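[1] Give the three-dimensional model of this entry:
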Amino acid sequence: MVMFTADHGKAKKMVELVSLFSTLAELAGLWVPPVCPEPSFHVALCTQGPSIVQHFNSNEEEEDYDTDYDYDIEDDHEEPIAFSQYPRPEDTPQWDSDKPELKDIKIMGYSMRTIDYRYTVWVGFNPSNFSANLQDVHAGELYMVGSDPNEDHNIYNSSLHGNLVKKFLRFLRR
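    Below is the predicted model of the structure:
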């Protein structure tokens, strides 16, 4: 996931890796497959992310970037969110931490990135049935991107942000 910049260096939208395929296909002048239906098992080729080519070198006021990535974090407010996940074999770094085999994945990190925050929760993971145990929290990360763009100060355990952490964890459990 990356931040898409369209207004004098100010981040306006988030783009997830799923947009890479359709964007590169369009830039190469190739046919861009349609959006994947639910379920998509019967479709030979489809894409989940929209192309962002229309936003390159745009001097106009950016129009709404309509994606399926707008989720209700708060009851009265929609906010763009990008999701990612990262596997780990253990809580502490191992020789194979960056490239664990499926059978060795014991911890899964789930991240939510908004314009203001990046929240990651590290939970127990069962590689046999690909399930995460969101009740088995091993660690967490919370960074305020505006005041800490390099994500140097983890405020996950700060009591000032406890409600935000609870809200994000509730959202992941949906």
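
[2] Helices of this structure, start to end?
    Taking DSSP state H as the criterion, the chain carries its helices at 19-27, 162-173.

[3] Any buried residues in the shortest one, and which?
    By neighbour count with 16 or more other C-beta atoms under 10 Å, helix 19-27 contains the buried residues Ser19, Phe21, Ser22, Thr23, Ala25, Glu26. C-beta here means a position set from N, CA and C on the backbone, and glycine is covered the same way.

[4] try the last one
    Under the neighbour-count criterion of 16+ other C-beta under 10 Å, helix 162-173 has Leu164, Val165, Phe168, Leu169 buried.

[5] before we move on, what about stretch 130-144?
    Neighbour count says stretch 130-144 has Ala132, His138, Gly140, Glu141, Leu142, Tyr143, Met144 buried, by 16+ other C-beta under 10 Å.

[6] what's the closest of these to Ser111?
    Glu141 (8.0 Å; C-beta to C-beta).

[7] Count the residues that sit near the closest residue to Ala139 other than its chain neighbours.
    Of all residues not flanking Ala139 in the chain, Trp122 sits nearest, at 4.4 Å (C-beta to C-beta, 6 or more residues apart in numbering). Residues lying near Trp122 (other C-beta atoms under 10 Å) number 19.

[8] Dig out what Trp122 forms beta bridges with.
    Assessed by DSSP bridges, Trp122 has beta-bridge partners Gly109, Ala139.

[9] who are the neighbours in contact with it?
    Arg88, Asp91, Ile107, Met108, Gly109, Val137, His138, Ala139, Gly140 (C-beta atoms under 8 Å, 6 or more residues apart in numbering).

[10] Serialize the residues you listed to TSV and add fields for pLDDT and distance to Val35.
    Converted to TSV, those look like this (pLDDT from 0 to 100; distance: C-beta to C-beta, whole Å):
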residue	pLDDT	distance to Val35
Arg88	89	32
Asp91	85	38
Ile107	93	32
Met108	92	27
Gly109	91	28
Val137	91	34
His138	93	35
Ala139	92	35
Gly140	91	33
